[in-house]
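> What follows is a predicted protein model with its sequence.
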Amino acid sequence: MSRRAWLTLGIGAGAAVAVGGGVYACSGPTPAQRDAERVRTDVAPLRKRFGEAGRLSDPHWLAYDRDEAERSRELLPNPDARYRVVGVARLPAGTVASVVATPSYAFAPASPDDVPDVLAEFLPGKPRWMSSTAYDRHLLAPAAEGLSGGRFFLDPSTDSLYFDTVNPT
């Protein structure tokens, strides 16, 4: 076989591998997509992170790299992953009412944005969510490990806590 034939065969094989690999890579959900749909019910990680909220129970939450889809297209890995930790949990009876009544927090009615569909069924029916930036700061401050931001919503009628945070570690 001539050199030109070998070169053509090599280019064709390389193109087939590149196209086939791209189709294979795009054929299923990425790890981030799977994590974004896997509802967790373990409470220990939440108690460690949000212990200042009180004794959490009956959690339903997600934790996933919210930027993985973008990073999968990059040539170099991004060293600053941003993990979204979002979910709902219950607090002991009366806890939320006492926290919301604290004047220094200045709670006001608010609603969470961008609630993942897989968590919607675990939210209380007709909640009256209250939120406070001072309370958000209070819960995030003890997390010196790097919670970079988040919002917390409390429903006094069901003693529910909804959280949506970003943790870069």
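Perfect, I can see it now. Just so it is clear, the model here is predicted, and its values are computed rather than measured. Numbering: from 1, shown residues only.

> Which other helices and strands does the one helix or strand H138 maps to contact?
Mapping H138 onto the secondary structure by DSSP states H and E places it in helix 133-140. With contacts taken as 3 or more C-beta pairs under 8 Å, 6 or more residues apart in numbering; DSSP states H and E, helix 133-140 sits against strand 149-155. In this view, the C-beta of every residue, glycine as well, is placed from N, C-alpha and C.

> Just the residues contacting the strand it packs on, thanks.
Applying C-beta atoms under 8 Å, 6 or more residues apart in numbering, the contact partners of strand 149-155 are 53, 85, 96, 99-100, 107, 110-112, 124, 127-131, 135-136, 139-140, 160-166.

> re the thing from before, Provide the contact partners of the helix holding H138 at residue level.
Outside of helix 133-140, the residues that reach it under the criterion C-beta under 8 Å, 6+ apart are 50, 52-53, 99, 104-107, 147, 149-152, 154, 165.

> Give me the buried stretch members for stretch 114-124, please.
Within stretch 114-124, the residues that count as buried by 16 or more other C-beta atoms under 10 Å are 115-116, 119, 122-123.

> thought Y64 was touching G87?
No - with contact defined as C-beta atoms under 8 Å, Y64 does not count as touching G87 (11.5 Å).

> Which residue of these two possesses the greater neighbour count?
When Y64 and G87 are compared on other C-beta atoms under 10 Å, the one with more neighbours turns out to be G87, at 24 against 20.

> which residues sit in contact with the nearest residue to the more buried one once chain neighbours are set aside?
Nearest residue to G87, sequence neighbours excluded (C-beta to C-beta, 6 or more residues apart in numbering): W61, at 2.5 Å. W61 makes contacts with 39-41, 46, 85-89, 119, 163, as judged by C-beta under 8 Å, 6+ apart.

> Inside strands: which ones of those?
Among those, the members falling in strands are 85-89, 163 (criterion: DSSP state E).

> which one of these sits closest to S57?
Among the ones in strands among the contacts of W61, A89 lies closest to S57 (C-beta to C-beta), at 6.6 Å.

> So R84 sits against V115, correct?
No - here R84 lies out of contact with V115, judged by C-beta under 8 Å, at a distance of 11.9 Å.

> could you pull out the helices for the chain?
In the chain, the segments counted as helices under DSSP state H are 3-26, 31-37, 44-50, 68-71, 95-100, 117-120, 133-140.

> looking only at pLDDT, what's the mean for the third one?
In this case it means helix 44-50. Taken as a whole, helix 44-50 carries a mean pLDDT of 89.

> on contacts alone, who are the packing partners of it?
strand 57-65, strand 83-90, strand 160-167.
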